[in-house]
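[1] What follows is a protein structure lacking sequence information:
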């Protein structure tokens, strides 16, 4: 008798310790649908979205990595243009009336870090890549004109090409 009583005392405890059972799933009443193919993202859009992140994040080494290696080598290694000047030229800051106020001093990262946001307003695609225009908004609120060129290598990869203008 005593063992029966112990069992009755333990049963509620064991039931409480057991995980709740999940309700049985009902079979699907509709046939499974085939997933629709998603259109592939435009490589220029993907490149520009990444470039926007790089510029707004002031990741200047990342910016340089997205430039055409041969053109970058010619400008920086052979001609001796420093990184900040090269970047400024790549996005069109060297154009007349389109300058970060720097009092005639060479560009530095301090000047480039005044870029708050960048907007790609127009693009003119070509087989070789695309010409991009837009706006650069500085932390001071000044709006500058953006012009740059994308080039497509034979392998299909996009890079920033030489500065426009």
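    Arrived safely. The model shown is predicted, which means the values in this text are computed figures rather than measured ones.
[2] hey, which strand is longest across the protein?
    Longest strand of the chain, by residue count under DSSP state E: strand 115-126.
[3] any idea which helix or strand carries residue 148?
    Using DSSP states H and E, residue 148 sits in strand 143-152.
[4] what's the helix or strand just after that strand in contact with?
    Using DSSP H and E, the next helix or strand after strand 143-152 towards the C-terminus is strand 158-160. Residues outside strand 158-160 that contact it (CB atoms under 8 Å, 6 or more residues apart in numbering) are 43-44, 47, 51, 63, 66-69, 71, 90, 129, 148-153. Glycine gets a C-beta too; all of them are placed from N, C-alpha and C.
[5] Any of those residues buried? List them.
    44, 47, 51, 63, 66-68, 71, 90, 129, 148-152 (16 or more other CB atoms under 10 Å).
[6] any idea how far residue 142 is from residue 54?
    Separation of residue 142 from residue 54 (CB to CB, to the nearest Å): 21 Å.
[7] Can you classify the residue nearest the centre of the chain as helix, strand or coil?
    Nearest to the mean C-alpha position of the chain, counting by CA atoms, centre = their mean, stands residue 50 at 2.4 Å. At residue 50 the chain is in helix, as set by DSSP: H, G, I helix; E, B strand; the rest coil.
[8] so the nearest residue to residue 120 once chain neighbours are set aside is in which element?
    Counting by CB to CB, 6 or more residues apart in numbering, residue 120 lies nearest to residue 134, which is 4.4 Å off, once chain neighbours are set aside. Residue 134 belongs to strand 129-138 when elements are defined using DSSP H and E.
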